[in-house]
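1. Turn this into a structure:
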Amino acid sequence: MNNPSSTNVLVSRKATEADWDSILKLLEETKLSFWFTGEENYKNFFVVINGQTNEIVNCFAIYIEGKVGILKQFATSKTLQGKGIGKYIANEIIPKTGKELGLEEIYLQGGNKEPFTSMSFWEKTIFKHIDKDEIKNDFAKNYITNLEKNLPEDFFREATFYIEV
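-> Reported below is the predicted structural model:
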């Protein structure tokens, strides 16, 4: 079976330096390189690979402080979007990765304005809405606050999500 939409052929692992060009290509394809600060590198990234073709079909970065992670740059190949792969990765692979990293919580900031409209995607996953004022962790709260300084607040309205792992 060579169908990457079948989740049993997906393999996740920590990204390597050799993956970086493929990660950058995927982030460009999905327009997520927009969020780059210039400090990104392969060390915070994980890749999800079609185990039969070795093609990277998804990448995501988790930035960690203590037992809290911030999920950034979650990107699924455009040709595979809408097939359940991203949802499977969000619901199964990310929590498993978080546990392996010793995390207790993972936060993310979706978007609700073009061109970043991931809020509707995250609402279909195990991640739950959280009001930024309810976030107790300074690392996560500072991340959200810094994003709001760079983009209008309404871009992020009701678009903060988290899970406990």
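2. wait, what's in contact with Lys43?
-> Ala15 (C-beta atoms under 8 Å, 6 or more residues apart in numbering). (C-beta placed from N, C-alpha, C; glycine too.)
3. What is the three-state secondary structure of it?
-> When the structure is reduced to helix, strand and coil (DSSP: H, G, I helix; E, B strand; the rest coil), Lys43 reads as helix.
4. From the centroid of this structure, which residue is nearest?
-> Phe74 (2.9 Å; C-alpha atoms, centre = their mean).
5. What sits closest to it if chain neighbours are left out?
-> Computed as C-beta to C-beta, 6 or more residues apart in numbering, the closest residue to Phe74 that is not its neighbour in sequence is Phe60, at 4.4 Å.
6. Read off the pLDDT value for the one you found.
-> Model confidence at Phe60, given as pLDDT, is 97.
7. partners of Val68 in the sheet?
-> Here Val68 shows beta-bridge partners Glu65, Glu105, assigned using DSSP bridges.
8. Okay, it and Ala140: tell me how far apart.
-> With distances defined as C-beta to C-beta, to the nearest Å, the gap from Val68 to Ala140 amounts to 6 Å.
9. Overlap of the contact sets of the two?
-> The overlap between the contact sets of Val68 and Ala140 (C-beta under 8 Å, 6+ apart) consists of Glu105, Tyr107.
10. re earlier: what residues of the helix or strand hosting the residue nearest to Phe74 count as buried?
-> Phe60 is part of strand 56-65, with elements assigned from DSSP states H and E. With burial defined by 16 or more other C-beta atoms under 10 Å, the residues of strand 56-65 counted as buried are Ile56, Val57, Asn58, Cys59, Phe60, Ala61, Ile62, Tyr63.
11. Now do the top helix by length along the chain against strand 56-65, angle only.
-> In the chain, taking DSSP state H as the definition, the longest helix is helix 138-150. Angle of helix 138-150 versus strand 56-65, following axes from the mean of the first three to the mean of the last three C-alpha atoms, to 10 degrees, is 110 degrees.
12. what's helix 138-150 in contact with?
-> 63, 65-66, 68, 70, 105, 107, 109, 132, 135, 156, 160, 162.
13. Off-centre distance for it?
-> Its chain's C-alpha centre lies 16 Å from the corresponding centre of helix 138-150 when counted by C-alpha atoms, centre = their mean, to the nearest Å.
14. Check which element follows that helix along the chain.
-> Remark: after helix 138-150, the chain's next helix or strand is strand 160-164, criterion DSSP H and E.
15. just the angle between that next one and helix 138-150, please?
-> Relative orientation of strand 160-164 versus helix 138-150 (the same axes, to 10 degrees): 160 degrees.
16. If anything else comes up later, I'll come back, but that's it for now.
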